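Visitor: predicted coordinates and the sequence they were generated for:
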Amino acid sequence: MNGSLVFVLMLVTIVMVAQIVRTWIEKKDQLPNGQDDLEDTLRQIERLEERVRVLERIITENRFDLKNEIDSL
């Protein structure tokens, strides 16, 4: 009985270690793709920041023009 318990524990340990190694290998292979995703996200953020700057400039210019028109009345 003692020998079978050791065998079962060894089998469970081997399966768990194999699962951990498999997960580690999958994550290791995904790192470059994660880097690409990060770079894509950063580019998208930069584009959005530029669009916000343009919108801020448009809003600011329109307020200035509106103020001048009101002052001219």
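Guide: Arrived safely, thanks for sending.

Visitor: use CA for all of it now, contacts and neighbours both
Guide: Will do.

Visitor: helix, strand, or coil at Ser4?
Guide: helix (DSSP: H, G, I helix; E, B strand; the rest coil).

Visitor: return the distance of it relative to Glu46.
Guide: Separation of Ser4 from Glu46 (CA to CA, to the nearest Å): 62 Å.

Visitor: one more: Leu38?
Guide: 12 Å.

Visitor: residues contacting Phe7?
Guide: If a contact means CA atoms under 8 Å, 6 or more residues apart in numbering, then Phe7 has no contacts.

Visitor: any idea how far it lies from Gln19?
Guide: 18 Å.

Visitor: so what's the gap between the host helix or strand of Asp37 and the chain middle?
Guide: Per DSSP states H and E: Asp37 is located in helix 2-72. The chain centroid and the centroid of helix 2-72 are separated by 0 Å under CA atoms, centre = their mean, to the nearest Å.

Visitor: quick one: mean pLDDT for that helix?
Guide: The average pLDDT within helix 2-72 is 80.

Visitor: tell me the buried residues in stretch 15-30?
Guide: Within stretch 15-30, no residue qualifies as buried by neighbour count (16 or more other CA atoms under 10 Å).

Visitor: can I get the CA coordinates of that stretch in CSV?
Guide: The C-alpha trace of stretch 15-30 is given here as CSV (Å, rounded to 0.1, in the frame of the first residue of the first chain):
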residue,chain,number,x,y,z
VAL,A,15,1.6,15.8,-14.2
MET,A,16,1.7,19.1,-12.3
VAL,A,17,5.3,19.9,-13.3
ALA,A,18,4.5,19.1,-16.9
GLN,A,19,1.5,21.5,-16.8
ILE,A,20,3.7,24.2,-15.3
VAL,A,21,6.4,23.7,-17.9
ARG,A,22,3.8,23.8,-20.7
THR,A,23,2.2,27.0,-19.4
TRP,A,24,5.6,28.6,-19.0
ILE,A,25,6.6,27.7,-22.6
GLU,A,26,3.3,29.1,-23.9
LYS,A,27,3.8,32.3,-22.1
LYS,A,28,7.4,32.6,-23.2
ASP,A,29,6.4,32.2,-26.8
GLN,A,30,3.7,34.9,-26.4
